[in-house]
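Any chance you can model this:
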Amino acid sequence: MNSKEILALIEQFEGAFDTYKKSLQKNNEEIIQHLSLTWKNMQSEQKEIKKLEDTIHQQNSETTELKIKSEELDKKILEQKAKREELSTKNTDLNKNLETATDELKKPQFELENLISKLDSLNEKITTKESEKTELDQITLDNERRENELKTTFSKEKLEELDNKLSQLKSNNFFVSFLMEYSDEEIPEVEIITTIMQKGSCKLDDLKKKLDIPPIMAVRTIKQLAVKGIINLDETNNTISMP
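Sure thing, here's the model as predicted:
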């Protein structure tokens, strides 16, 4: 092999070596970039792992705390159940005692109810009798009052005088004539006119007290009679008289 061939081989080797060197350098750069990217990813993952570890640690702490609270609640529940069983036992005993006491009290209770029923019936009868007596007493008083009024008012002379005045009043006023002949004596108009005719005149307050109707109704009736001209009402001195 001559020198030219050797130089050609050397040049070929150097070209191949340069190509290899460039390829190696390019691969090294890519590897370095890949390693750098991988390192950054690893750092990011380590941060995430650290966060996860912190979260897990926190959750473990919370879980431990919850377990402790759960155990405490379990203890309290057991204590409450024990108290409930104790109270249930006491309640059962008290119910038994109550049933026994109730059975023992049934007989006197029945006797008491029977006695109360009889007492209520007797009170009702007494109330009824008292009401009847009150009513009879009132009727008796009313009859006695009317009898005394009749004895005092309607003497023979008064009756003659009243008849004369009635005759004159009937001839002068048709309404009064009709009222005297066809109205019951309990009608307030009749009692008002009768009282005025007996006394000639009277005070409004005295007449209101005499009538068996409320004062406001008495005043209204008197004013109606005055408006119709059946009686005279002097509102200045509250005096009532016949026309």
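
When you work out contacts or count neighbours from here on, use the C-alpha atoms and nothing else.
OK.

Going along the chain, name the helices of the chain.
Taking DSSP state H as the test, the helices found in the chain are 3-153, 156-172, 174-182, 188-199, 204-210, 215-227.

With E235 as the reference, name the closest of the ones you listed.
Taking C-alpha to C-alpha, helix 204-210 is the member of these nearest to E235, at 9.0 Å.

and that closest one, what's its mean pLDDT?
On average, the pLDDT along helix 204-210 is 83.

can you list the residues that contact it?
With contacts defined as C-alpha atoms under 8 Å, 6 or more residues apart in numbering, helix 204-210 is touched by 192, 195, 215, 218-219, 238-240.

For those, point out the one with the lowest pLDDT.
T195 (78).

Which residues are in contact with it?
L207.

redo that, cut-off 10 Å
153, 189, 201-202, 207, 210-211, 241 (C-alpha atoms under 10 Å, 6 or more residues apart in numbering).

got it, and K133?
K133 touches 127, 139, counting by C-alpha under 10 Å, 6+ apart.

Also the one 5 residues further on?
Remark: with contacts taken as C-alpha under 10 Å, 6+ apart, Q138 is in contact with 132, 144.

Quick check: it vs I216, distance?
For Q138, the distance to I216 (C-alpha to C-alpha, to the nearest Å) stands at 24 Å.

go on, Q25?
131 Å.

When those two are compared, which one has more neighbours?
Neighbour tally, Q25 and I216, criterion other C-alpha atoms under 10 Å: the higher count belongs to Q25, 12 against 9.

any low-confidence regions in the protein?
Within the chain, the stretches with pLDDT under 70 are 1-2, 105, 147-187.
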